[in-house]
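Asks: Got a sequence here, can you model it:
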Amino acid sequence: MDAAEFDKFAEEYRQLHTQNIKASGETPDYFADYKVRDVAVDLARHSLPERPRLLDFGCGVGSSMPYFRKYLPEAQVTGLDVSRKSLELAEQQHAGAAEFLWFDGGKLPFEDRSFDVVFTACVFHHIPADEHERLFAEIRRVLKPAAPFFIFEHNPRNPLTVHAVNTCPFDENAVLIDAATIRRRLEAAGFAETRAVYRIFFPRMLKALRAIEPYLRRVPFGAQYYVEAIA
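Replies: Here you go, the predicted model:
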């Protein structure tokens, strides 16, 4: 993980992101909102404590923080990132929403079984493939038994997503990963159960068709997907 690369784009992240997803007709807030909303819906199937501890791995400038407050208001959120500049901006923009901590890319700075949920959004395509299994094992270490890990990623089977990533300055070194590969690496890291859910099939101009998206979640061509893995 190259912290300098993330530091370079921290201040203009939102502007670049907005420009890059223009073809979708949506804003970065739309994509941040749906992710946390999906997680909140899925967490209803789990037995969580009254104030669950949630780790946002690779939190960046804190784009998900307003939606944790909206959909998971009782959660105690920790944001973790390798980019000190991103964390500085997250602290400024979301003061009080979470505890923000720096990560050196090695061992997670937490005790075993510290978290009830781990969430990560479009982070692992920035991390070299040979680091994935080790980091997944670290995430599993800090999760409580049977706790969920939600990993959202761009779908390399979707041509519009591939184009967006290929033309995005902060994705210049990104390597997209398909859901099957993520699942294999999670299972190799010791996660007992995984499932993939595909999301974002229609741009805003076809918004009326989004009503059928719940029926398409196993169709592997959505713009993004998430894998839920159980520790």
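Asks: that's a helix at Ala180, yeah?
Replies: Yes: the assignment for Ala180 is a helix, going by DSSP: H, G, I helix; E, B strand; the rest coil.
Asks: so what's the residue nearest to it when sequence neighbours are not counted up against?
Replies: Nearest residue to Ala180 in three dimensions, chain neighbours excluded: Ala196, at 7.7 Å (Cβ to Cβ, 6 or more residues apart in numbering). For glycine as for every other residue, the C-beta is placed from the backbone atoms N, C-alpha and C. Each residue near Ala196 by Cβ atoms under 8 Å, 6 or more residues apart in numbering is listed here: Ala179, Ala180, Ile182, Arg183, Arg218, Pro220, Tyr225, Tyr226, Val227.
Asks: What is the helix or strand where Val41 lies packed up against?
Replies: Using DSSP states H and E, Val41 falls within helix 28-43. Helices and strands touching helix 28-43, by 3 or more Cβ pairs under 8 Å, 6 or more residues apart in numbering; DSSP states H and E, are helix 13-20, helix 65-71, strand 117-121, strand 148-154, strand 193-199, strand 224-230.
Asks: Could you tell me the model confidence score at the residue of the chain most remote from its centre?
Replies: Distance from the centre of the chain peaks at Ala208, with 26.1 Å (Cα atoms, centre = their mean). With respect to pLDDT, Ala208 has a value of 95.
Asks: Flag the shaky bits of the protein, pLDDT-wise.
Replies: Counting by pLDDT under 70, the ranges of the chain that qualify are 1-23, 170.
Asks: Nearest residue to the middle of it?
Replies: Nearest to the chain centroid, counting by Cα atoms, centre = their mean: Ala121, 1.2 Å.
Asks: gap between that one and Phe57?
Replies: To Phe57, Ala121 is 9 Å away according to Cβ to Cβ, to the nearest Å.
Asks: related to what we said a few turns ago, out of the helices and strands packed on helix 28-43, which gets nearest to Ala98?
Replies: Across the helices and strands packed on helix 28-43, Ala98 has its closest neighbour in helix 65-71 (5.8 Å, Cβ to Cβ).
Asks: Would you mark the buried spots in that closest one?
Replies: For helix 65-71, burial by neighbour count (16 or more other Cβ atoms under 10 Å) applies to Met65, Pro66, Tyr67, Phe68, Arg69, Tyr71.
Asks: and these as JSON lines, adding distance to Lys35?
Replies: Shown next, in JSON lines, are the buried residues of helix 65-71 (distance: Cβ to Cβ, whole Å):
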{"residue": "Met65", "distance to Lys35": "12"}
{"residue": "Pro66", "distance to Lys35": "12"}
{"residue": "Tyr67", "distance to Lys35": "7"}
{"residue": "Phe68", "distance to Lys35": "10"}
{"residue": "Arg69", "distance to Lys35": "14"}
{"residue": "Tyr71", "distance to Lys35": "10"}
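Asks: Of these, which is the nearest to His163?
Replies: Nearest to His163 among the buried residues of helix 65-71 is Tyr67, at 26.3 Å by Cβ to Cβ.
Asks: quick one: contacts for that closest one?
Replies: Ala32, Asp33, Lys35, Val36, Arg37.
Asks: Find the nearest non-adjacent residue to it, please.
Replies: That would be Val36: by Cβ to Cβ, 6+ apart, it lies 3.6 Å from Tyr67.
Asks: now do Val162
Replies: That would be Pro156: by Cβ to Cβ, 6+ apart, it lies 6.1 Å from Val162.
Asks: Which secondary structure state does that neighbour sit in?
Replies: At Pro156 the chain is in coil, as set by three-state DSSP.
Asks: Quick one: neighbours of it, just the number.
Replies: Pro156 has 17 neighbours, counted by other Cβ atoms under 10 Å.
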